[in-house]
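> can't give you the sequence, but here's the structure:
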């Protein structure tokens, strides 16, 4: 119990640092902005109580907002992502269901499962985030383009990190 | 009572979700008041140490380019001195009290944190109240518009970048003096839009766009950029795309400009409004 708590604390700190020090500095043509920190919410155990998940999502978003100086933006997106995660897990559940006490990792459930699970949540998170950032529907399609491009980039990095974890 | 408890137990996730999302929305809604400087300072204060370190590395890597820019600025300033000296040598010249005439005060600073990829971009500079920076001062980078100070702490200030949907600037075409309103449309960090220029005005690609000085924030004649494209928009006005002079991706050394007569101007204007 303590062990897994420490492990997730470490993952949390690592992902936040990666996001702030590296990914926030990727400013590619003003359209692409990968948000990889959302991976923390993806990696939490399958059977985590929903209220813990929601509180952790809230904390993650709040910390990101501190570092980007945009109160509420990341928080609203991560809380929504945390809220839909159980439903997404149910939606993409493998044929034999989830093993009890397992993490949603590529190692256990395979590449295709991980891809669809991640893609759905990242897409929901990015859509909320970018539309709240603009806060108007005037440039609807341009914002959609930003969402799609950034999702592609975030997914690439998340999959790379996941492959690295699998390899270890 | 039991029904209520059952209800809460059944929908506790939804309730927690709604409460947390409510808090997030509250933050999102109240932050629109950008002059709420306490918020800006409190939030940025916590992360400043890290940002400073990132900036140190970045500034070391771009030293060569910065040197070149400073050298060019030195040359321009030296040329000015030569011209001034020539004026003094002429037979007749009027003596102006320099203290009385000085309207704008410059202070140099470094941008230690900056972004271009959001819709509402800000940057942080390494000078604050103790160095005489105040809210609503103008920030320029090598004589071209960069932003406006919106919050100061003791040693740091946060500025709203020109690349911010809330940034509005009164700007004019240098060659004929017609002025309009300039703002960023959130697309490309190199371009902004100048609107409200009537269609009978002659506009050419390459025309210089400069500030008007009407707002009492920016001094008159600070360069914004050049016209890169224009089209007729609506019935009466042009929509002019302006190629910005400031390269926000490289923003580093900036000047903060305070208008010493701003209070006087605003008080006078208030009388007639």
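Yep, that arrived. As the structure is a prediction and not an experimental result, all values here were calculated from the model.

> Please enumerate the helices of the chain.
As the question left the chain open, I've gone with chain A. Secondary structure of chain A (DSSP state H): helices located at A:2-21, A:39-43, A:50-68, A:73-91, A:106-109, A:111-134, A:140-167.

> Let me rephrase: I mean chain B.
In chain B, the helices defined using DSSP H lie at B:2-10, B:12-30, B:37-45, B:48-61, B:63-89, B:98-101, B:262-271.

> how about these in a markdown table, adding distance to residue B:160, mean pLDDT and mean neighbour count?
Just so you know, the C-beta spots here come from the backbone N, C-alpha and C atoms, and that holds for glycine as well. Putting the helices of chain B into a markdown table (distance: least, C-beta to C-beta, whole Å; pLDDT from 0 to 100; neighbours: other C-beta atoms under 10 Å in any protein chain shown) gives the following:
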| stretch | distance to residue B:160 | mean pLDDT | mean neighbour count |
| --- | --- | --- | --- |
| helix B:2-10 | 44 | 75 | 9 |
| helix B:12-30 | 17 | 85 | 16 |
| helix B:37-45 | 10 | 51 | 17 |
| helix B:48-61 | 17 | 72 | 13 |
| helix B:63-89 | 23 | 75 | 10 |
| helix B:98-101 | 30 | 58 | 7 |
| helix B:262-271 | 17 | 85 | 11 |
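
> Out of these, flag the one nearest residue A:108.
Among the helices of chain B, the nearest to residue A:108 by C-beta to C-beta is helix B:12-30 (24.9 Å).

> List the contacts of the residue nearest the centre of chain B.
Note on chain B: the residue nearest the mean C-alpha position is residue B:147, at 0.8 Å, using C-alpha atoms, centre = their mean. Taking C-beta atoms under 8 Å, 6 or more residues apart in numbering or on different chains, we find residue B:147 in contact with B:122, B:123, B:138, B:139, B:159, B:160, B:161, B:162, B:164, B:167.

> The last one reaches residue B:150, doesn't it?
Looking back up the chat, that one is residue B:167. No - look at residue B:167 against residue B:150 with C-beta atoms under 8 Å: they stay out of range, at 10.0 Å.

> which neighbours do these two share?
The contact sets of residue B:167 and residue B:150 overlap at residue B:160 (C-beta under 8 Å, 6+ apart).

> For burial, what's the neighbour tally of the closest residue to chain A within the stretch 101-250 of chain B?
For the stretch 101-250 of chain B, the residue closest to chain A is residue B:117, as judged by C-beta to the nearest C-beta, at 4.3 Å. Neighbour count for residue B:117, taken as other C-beta atoms under 10 Å in any protein chain shown: 20.

> Isn't it up against residue A:35?
No - assessed by C-beta under 8 Å, residue B:117 is found out of contact with residue A:35, at 11.3 Å.

> Give the buried residues for stretch B:206-225.
If you call a residue buried by 16 or more other C-beta atoms under 10 Å in any protein chain shown, then stretch B:206-225 has these buried ones: B:207-213, B:215-219, B:222-225.

> Any chance you could list what contacts it?
So stretch B:206-225 is in contact with B:103-104, B:136-138, B:140, B:143-145, B:148, B:169-175, B:179, B:182, B:192, B:194, B:226-227, B:240, B:242-246, B:257, B:259, B:262, B:265-266, going by C-beta under 8 Å, 6+ apart.

> And it, end to end?
9 Å (C-alpha to C-alpha, to the nearest Å).

> Distance check, the closest residue to residue B:242 other than its chain neighbours against residue B:207.
The shortest distance from residue B:242 to any non-neighbouring residue, by C-beta to C-beta, 6 or more residues apart in numbering or on different chains, is to residue B:225 (4.5 Å). Counting by C-beta to C-beta, to the nearest Å, the gap from residue B:225 to residue B:207 is 10 Å.

> Among the buried residues of stretch B:206-225, which pair sits farthest apart?
It's B:207 and B:216 that sit farthest apart of the buried residues of stretch B:206-225, by C-beta to C-beta, at 24.9 Å.

> Can you pull up the most central residue in chain A?
Short answer for chain A (C-alpha atoms, centre = their mean): residue A:38, at 2.3 Å.

> Can you tell me how far the residue nearest to it when sequence neighbours are not counted is from residue B:262?
Sequence neighbours aside, residue A:125 is the residue nearest to residue A:38 in space, at 5.1 Å (criterion: C-beta to C-beta, 6+ apart). Relative to residue B:262, residue A:125 is positioned 44 Å away (criterion: C-beta to C-beta).

> repeat for residue A:73
Counting by C-beta to C-beta - residue A:73 and residue B:262 are separated by 33 Å.

> again with residue B:15
Counting by C-beta to C-beta, the gap from residue B:15 to residue B:262 is 51 Å.

> Inside strands: which ones of the buried residues of stretch B:206-225?
B:208, B:209, B:210, B:211, B:223, B:224, B:225 (DSSP state E).

> Pick the one among these closest to residue B:71.
Nearest to residue B:71 among those is residue B:223, at 19.5 Å by C-beta to C-beta.

> how close does residue A:55 sit to residue A:31?
Taken as C-beta to C-beta, the span from residue A:55 to residue A:31 is 33 Å.

> Equivalent analysis for residue B:168, please.
For residue B:168, the distance to residue A:31 - C-beta to C-beta - is 24 Å.

> Who has more neighbours out of those two?
residue A:31 (17 against 14).

> helices or strands next to the helix or strand bottoming out on mean pLDDT in chain A in the packing?
Least confident helix or strand, chain A: helix A:106-109 with a mean of 84, by mean pLDDT, DSSP states H and E. Judged by 3 or more C-beta pairs under 8 Å, 6 or more residues apart in numbering or on different chains; DSSP states H and E, helix A:106-109 is in contact with helix A:140-167.

> Now the helix it packs on: buried residues?
Neighbour count says helix A:140-167 has A:143, A:146-147, A:149-151, A:153-155, A:157-159, A:161-162 buried, by 16+ other C-beta under 10 Å.

> That one and chain B in contact?
Yes - Helix A:140-167 is in contact with chain B by C-beta under 8 Å from any C-beta of the partner chain, via residue A:142.

> Give the other helices and strands that that helix contacts.
helix A:39-43, helix A:106-109, helix A:111-134.

> among the ones you listed, which gets the worst mean confidence?
Among the helices and strands packed on helix A:140-167, helix A:106-109 carries the lowest mean pLDDT, a mean of 84.

> Other residues contacting that helix?
Contact with helix A:106-109 is made by A:94, A:98, A:99, A:102, A:113, A:114, A:162, A:163, A:165, A:166, as judged by C-beta under 8 Å, 6+ apart.

> Return the set of buried residues in it.
Buried-residue list, helix A:106-109, by 16+ other C-beta under 10 Å: A:106, A:109.

> Report the distance from that helix to the chain centre.
17 Å (C-alpha atoms, centre = their mean, to the nearest Å).
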